[in-house]
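In: this is a predicted model, with the sequence first.
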Amino acid sequence: MAGAPRIEHLVTSGTFSLDGGTWDVDNNVWIIGDDDEVVVVDAAHDSDAVLAAVGDRRLSAIVCTHAHDDHVRAAPDVALATGAPILLHPDDQVLWKMTHPGRRPDGPLADGDVLTVAGIGLRVLHTPGHAPGAVCLYAPDLGALFSGDTLFAGGPGATGRSYSDFGTIIGSIGDRLLTLPGATVVHTGHGGTTTVEAEAPHLEEWVARGW
């Protein structure tokens, strides 16, 4: 028996670099699946830790919510060890090439795509703003959203660096995320989880302004 589909959580540590600066960061790595098959969301920093968490299960995909270096640094090594494809929205190729200039992702993510793992669907939502190719994954069967750096507990992801835009991320959150059921648990790229209904009050004001 493969067991019920579930969400597993790993935290890895390293650095994030862009626009000439480097910062120490802790990243959330999310593993979705059952005892036989999983998907990894954001193979961050430490390939050995990610591979240990996957164990002997089949890794069907390495999904990149966006291509900032802290979220994708370990992806090629995990792919090499498992044969799993790396999936990334094409609009983030410019960021991907900064970290992995000699290695292309194996496949594209597009808005509306549904990835299937352990019998459940993960719907791709294109949510640009933090990065042009940023995506979230919505798993209605699990009541869960994997938001990358688009939405955190307390507000939207940062937009003060290259290839980001505040108005765009607010539009993405309003159009794509605040329309989800309020009880949806938001599993973020950094820090703690939250829910759609917890974040809605302080985001709806920005949405209403038409940023």
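Out: In hand now; what should we look at?
In: please point out which parts of the lengthiest helix in the chain sit buried.
Out: Using DSSP state H to define each element, the chain has its longest helix at helix 196-209. Neighbour-count burial for helix 196-209 flags 196, 199-200, 203, 206 (criterion: 16 or more other C-beta atoms under 10 Å). Heads up, the C-betas are built off the backbone N, CA and C, glycines and all.
In: from the middle of its chain, how far away would that helix be?
Out: Mean C-alpha position of helix 196-209 versus that of the full chain (C-alpha atoms, centre = their mean, to the nearest Å) differs by 21 Å.
In: show me what contacts Ala183?
Out: The neighbourhood of Ala183, defined by C-beta atoms under 8 Å, 6 or more residues apart in numbering, consists of 143, 195-197.
In: between those, which is closest to Gly154?
Out: Nearest to Gly154 among the contacts of Ala183, counting by C-beta to C-beta, is Thr195 at 12.3 Å.
In: all strands for this structure, in order.
Out: Here the chain has its strands, by DSSP state E, at 6-18, 21-33, 37-41, 58-63, 86-88, 107-108, 114-117, 120-126, 135-139, 144-148, 151-152, 155-156, 185-188, 194-195.
In: which of the ones you listed is buried the deepest?
Out: Of the strands of the chain, the one with the most neighbours on average (mean count of other C-beta atoms under 10 Å) is strand 144-148, at a mean of 27.
In: just the CA coordinates for that strand, please, in PDB.
Out: Extracted in PDB, the C-alpha atoms of strand 144-148 (Å, rounded to 0.1, in the frame of the first residue of the first chain):
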ATOM      1  CA  ALA A 144      -3.100  23.400   0.000                       C
ATOM      2  CA  LEU A 145      -1.300  26.100  -2.000                       C
ATOM      3  CA  PHE A 146       2.500  26.000  -2.600                       C
ATOM      4  CA  SER A 147       3.200  29.700  -3.100                       C
ATOM      5  CA  GLY A 148       7.000  29.900  -3.500                       C
END
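In: and that strand, what does it pack against?
Out: Applying 3 or more C-beta pairs under 8 Å, 6 or more residues apart in numbering; DSSP states H and E, one finds that strand 144-148 contacts strand 135-139, strand 185-188.
In: can I get those strands in JSON lines with mean pLDDT?
Out: Formatted as JSON lines, the helices and strands packed on strand 144-148 follow (pLDDT from 0 to 100):
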{"stretch": "strand 135-139", "mean pLDDT": "98"}
{"stretch": "strand 185-188", "mean pLDDT": "98"}
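In: quick one: closest of the ones you listed to Asp149.
Out: strand 185-188 (7.7 Å).
In: any idea how far the closest one is from the chain center?
Out: 10 Å.
In: many thanks, we can stop here.
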